[in-house]
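1. Just a sequence and a predicted model for now, questions to come.
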Amino acid sequence: MGLISEVLLLPFAPVRGSGWAIQQVLREAERIYYDPATIRTELARLEEQLEAGEITEEEFDQQEDVLLDRLETAMHTGATGDGTTPQ
């Protein structure tokens, strides 16, 4: 039965392959987005922008809240500081 199903599903192989590739890209993007090191770098850059007068205190507070929420999510999901997430 496995051989027959593979033959019947052969026309859909490009779609299945594309789906796999899209899934891998999304997984990598999410890993980077929730990487604590990346978030800390963004927090430092945000603080530099505030000190340079590029953003207001209100903008800083709003963006800082978003970054801290991401960091908290990363810590709860088990993301590590070396850019990896346990699978």
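-> Okay, I see it. Residues are numbered from 1 along each chain as shown.
2. all helices for this structure, in order.
-> 2-9, 13-33, 36-51, 57-77 (DSSP state H).
3. want to throw those helices into JSON lines with mean neighbour count?
-> Every C-beta, even on glycine, is put in place using the N, C-alpha and C of the backbone. As requested, these are exported to JSON lines (neighbours: other CB atoms under 10 Å):
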{"stretch": "helix 2-9", "mean neighbour count": "9"}
{"stretch": "helix 13-33", "mean neighbour count": "11"}
{"stretch": "helix 36-51", "mean neighbour count": "14"}
{"stretch": "helix 57-77", "mean neighbour count": "13"}
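4. export those helices to TSV and tack on mean pLDDT?
-> Shown next, in TSV, are these (pLDDT from 0 to 100):
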stretch	mean pLDDT
helix 2-9	76
helix 13-33	88
helix 36-51	96
helix 57-77	95
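5. In the chain, which residue is most central in space?
-> Note on the chain: the residue nearest the mean C-alpha position is residue 30, at 2.0 Å, using CA atoms, centre = their mean.
6. Got phi/psi on residue 53?
-> Main-chain torsions, residue 53, degrees, to the nearest 10: phi 80, psi 20.
7. Can we start the residue count at 8 from this point?
-> Done: numbering now begins at 8, and the last item shifts to residue 60.
8. Per-residue confidence, it, what does it come out as?
-> Looking at residue 60, its pLDDT is 96.
9. Kindly tell me how buried it is, as a neighbour count.
-> A count of nearby residues for residue 60, using other CB atoms under 10 Å, gives 7.
10. measure it to residue 67 for me?
-> According to CB to CB, to the nearest Å, residue 60 and residue 67 sit 11 Å apart.
11. repeat for residue 80
-> For residue 80, the distance to residue 67 - CB to CB - is 20 Å.
12. do the same with residue 77
-> For residue 77, the distance to residue 67 equals 16 Å [CB to CB].
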